[in-house]
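1. When you get a sec, could you give me coordinates for this:
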Amino acid sequence: MDTTKWPAGEKFPEMVWHSVCGERVAPAEGSGWRALIIYRGKHCPLCKTYLNTLNEMLAEFDAAKIAVSTLSADSKEKAEAQVAECGWTFPVGYGLSIDEMRQLGLYISDPRSPQETDRPFAEPALFVINPDGKTQIIDISNAPFARPDLKSLLKGIQFVMSNDYPIRGRA
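-> Next up, the predicted model:
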């Protein structure tokens, strides 16, 4: 396995993806606080539930001045179909490559069958990027069942912002 974990406190890499609505998902280019949520793809019912919750909470993230975007390895067509089905209003990026998954230190899974999906995909992950472009919070899972609770995450980011809390886990 040639995956290494992404180090906390490092600048998020200059990676850019297209999104369903035509804008770019480019976390390193943003300003302010940003959260990038990696999800498994259209085939994952747990991802759908998680991102539906995110959509319901989007106004809270916006009020806290945290820009949120999501990304998967899905094709443009699959991502468009899911956005149309779910009505998500946050940026939904697509086309995350295996090389990019490895660069970010993500766990990669192969489909269990052609009915599940048609390509390898990343397991869930989260990168919170601070105004300096550094990864303030990183959560990388190897299974769809382990993800940060979005309400706790929002409160945690707000605490970090309000208290100039340092980047942890650098050693």
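2. what's the spacing between Arg112 and Pro45?
-> Distance of Arg112 to Pro45, given as C-beta to C-beta, to the nearest Å: 14 Å. C-beta here means a position set from N, CA and C on the backbone, and glycine is covered the same way.
3. for Ser141, same thing?
-> Look at Ser141 and Pro45: by C-beta to C-beta, they are 16 Å apart.
4. who's more crowded, those two?
-> Set Ser141 next to Pro45 and count neighbours by other C-beta atoms under 10 Å: Ser141 wins out with 18 against 10.
5. Now for the more buried one: which residues touch it?
-> Residues near Ser141 by C-beta atoms under 8 Å, 6 or more residues apart in numbering: 107, 123-125, 147.
6. Asp110 now?
-> Counted by C-beta under 8 Å, 6+ apart, Asp110 has contacts Pro120.
7. Ok, His18 next?
-> By C-beta under 8 Å, 6+ apart, the neighbours of His18 are 24-25, 76, 93-95.
8. Helix or strand for the residue positioned nearest the centre of the chain, just tell me which one.
-> Taking C-alpha atoms, centre = their mean, the centroid of the chain lies closest to Ile37, which sits 1.5 Å from it. Assigned by DSSP states H and E, Ile37 falls within strand 33-38.
9. Run me through the strand neighbours of that strand, direction for each.
-> strand 66-71 (parallel), strand 125-129 (antiparallel) (DSSP bridges).
10. Name the next helix or strand downstream of the shortest one, please.
-> Downstream of strand 125-129, the first helix or strand assigned by DSSP H and E is strand 135-140.
11. how about that following strand as CSV, C-alpha atoms only?
-> What follows is strand 135-140, C-alpha atoms only, in CSV (Å, rounded to 0.1, in the frame of the first residue of the first chain):
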residue,chain,number,x,y,z
THR,A,135,-5.2,21.6,7.6
GLN,A,136,-6.5,22.3,11.0
ILE,A,137,-8.6,19.2,11.4
ILE,A,138,-8.3,15.9,9.6
ASP,A,139,-10.5,12.8,9.9
ILE,A,140,-9.8,9.8,7.7
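12. Contacts for that strand, please.
-> For strand 135-140, the surrounding residues in contact (C-beta under 8 Å, 6+ apart) are 5-12, 105-107, 123, 125-130, 147-148, 153, 156-157, 160, 167, 169.
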